[in-house]
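**Student:** This is a predicted model, with the sequence first.
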Amino acid sequence: MSSVNSTTISTDRVAKQRGIPTRCNCGEKVSRFTSKTVQNPGRLFHTCPMGSEKDKTHLFKWTDESVVEEIEDFQDLFDVLLVDNSEFQKSLTASETMLKHHESRIEEVEAALARSEEKTVECINELKIIKALFVCCLVIVFMFLTYP
Ligand SMILES: [Zn+2]
């Protein structure tokens with residue numbers, strides 16, 4: 001009966017403070033100690049200044065169990081990071097593809113712009129020729145009208 005109660009309380013504590021604990025429910029900071037009992041000689045545990053393995057009102061947690069929880073949580077986090085990294089790699093590949101597409105579009109626009117500039121220069125030259133012809137025609141008409 002006592003063992004069942006102990007297990008239940010221990011499970012509650014684990015649920016409340018997963019991993020290496022930092023504070024007891026009473027508000028005190030917890031510290032790490034080494035067990036000197038016959039059942040657990042040399043085993044590390046965390047407890048507050050008022051806690052003990054038998055006093056269930058204060059935090060008492062075996063450090064090896066806390067470390068296992070820390071490793072499990074880290075493994076979960078690592079799995080999430082792996083998935084995130086995979087998603088990031090996919091996103092990066094898609095971005096690189098889009099970037100190459102945009103670069104080719106920019107090259108196309110630059111080529112079109114260069115062709116447009118060439119056409120503009122051709123048009124300006126043609127306009128100069130037309131202007132010169134128009135001036136020649138005006139001079140001829142003027143001469144025709146002034147010399148009888
Ligand atoms: Zn306490």
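**Tutor:** Received it, and whenever you're ready, just let me know what you need. If you're wondering where the values come from, they're calculated on a predicted model, not measured in any experiment.

**Student:** neighbours around residue 127, how many?
**Tutor:** By the measure other C-beta atoms under 10 Å, the count of residues near residue 127 is 10. To be clear about C-beta, it is placed using only N, CA and C from the backbone, and glycine gets the same treatment.

**Student:** Quick check, central residue of the protein?
**Tutor:** Nearest to the mean C-alpha position of the chain, by C-alpha atoms, centre = their mean, lies residue 88 at 7.7 Å.

**Student:** helices or strands next to the top helix by length along the chain in the packing?
**Tutor:** Using DSSP state H, we find that the single longest helix of the chain is helix 63-146. Judged by 3 or more C-beta pairs under 8 Å, 6 or more residues apart in numbering; DSSP states H and E, helix 63-146 is in contact with strand 44-47.

**Student:** ok, the strand it packs on: who's next to it in the sheet?
**Tutor:** Strand 44-47 sits in its sheet next to strand 31-34 (antiparallel), strand 60-62 (antiparallel), going by DSSP bridges.

**Student:** winner for burial among these?
**Tutor:** strand 60-62 (a mean of 21; mean count of other C-beta atoms under 10 Å).

**Student:** chain center to it, what's the gap?
**Tutor:** Averaging C-alpha coordinates over strand 60-62 and over its chain gives two centres that are 36 Å apart (C-alpha atoms, centre = their mean, to the nearest Å).

**Student:** For that strand, the averaged confidence score.
**Tutor:** For strand 60-62, the mean pLDDT works out to 94.

**Student:** contact partners of it?
**Tutor:** Taking C-beta atoms under 8 Å, 6 or more residues apart in numbering as the criterion, the residues outside strand 60-62 that touch it are 10, 13-14, 17, 21, 30, 40, 43-47, 51-53.
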